[in-house]
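> For reference, the sequence and a predicted model appear below.
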Amino acid sequence: QLQLVESGGGLVQPGGSLRLSCAASGFTFDYYAIGWFRQAPGKEREGVSCISSTGGRTNYVDSVKGRFTISRDNAMNAVYLQMNSLKPEDTAVYYCAATLILPNTDGLRKEVYPYWGQGTQVTVSS
């Protein structure tokens with residue numbers, strides 16, 4: 001049974017950092033691309049970043065470029081999202097998701113991903 005579990009969320013002051021983790025189990029992790037998404041109250045779920053199965057290809061939404069870094073450790077069945085210089089507008093529930101097929105474009109569309117974790121809350125506030 002495919003399972004994705006996010007962790008690492010919390011409350012942080014503006015300008016601070018957090019590192020989110022996505023732990024995977026129940027499937028051949030090396031075959032799957034992973035995406036990070038977020039959803040703020042009253043807003044649509046948006047793609048934040050994605051990484052190909054080998055880690056050789058990554059993509060970011062413009063609003064986080066230069067601040068967030070996605071990485072993966074296939075030996076540990078885990079994907080990470082390092083978030084620096086956090087802003088109040090980064091406040092949201094963050095989800096990781098898995099897909100076998102990562103398009104060359106549109107890799108940040110939620111419709112690409114059939115498998116989802118339960119999310120972890122990130123709150124950026126002073």
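Okay, I see it. Only a predicted model underlies this, so the values are computations on that prediction, with no experimental measurement involved.
> Now do the contacts for the residue most central in space within the chain.
Nearest to the mean C-alpha position of the chain, by CA atoms, centre = their mean, lies residue 36 at 2.0 Å. If you count contacts by CB atoms under 8 Å, 6 or more residues apart in numbering, residue 36 has them with 20, 22, 47-50, 70, 79, 81, 94-97. (Each C-beta comes from the backbone N, C-alpha and C, glycine too.)
> hmm, try it at 10 Å
When contacts are counted by CB atoms under 10 Å, 6 or more residues apart in numbering, residue 36 touches 6, 20, 22, 47-51, 60-61, 64, 68, 70, 79-81, 83, 94-97, 108, 117.
> next one: residue 109
Residue 109 neighbours (CB under 10 Å, 6+ apart): 35, 37, 46, 47, 50, 103.
> if you look at these, which of them are in strands?
35, 37, 46, 47, 50 (DSSP state E).
> Which positions in stretch 116-126 come out as buried?
Across stretch 116-126, burial judged by 16 or more other CB atoms under 10 Å covers 116, 117, 119, 120, 122, 124.
> Repeat that for stretch 58-77.
59, 60, 61, 64, 68, 70, 72, 74, 77.
> ok, the residue lying closest to residue 103 once chain neighbours are set aside - how many residues close by?
Nearest residue to residue 103, sequence neighbours excluded (CB to CB, 6 or more residues apart in numbering): residue 112, at 6.4 Å. Other residues near residue 112 come to 18 when the count uses other CB atoms under 10 Å.
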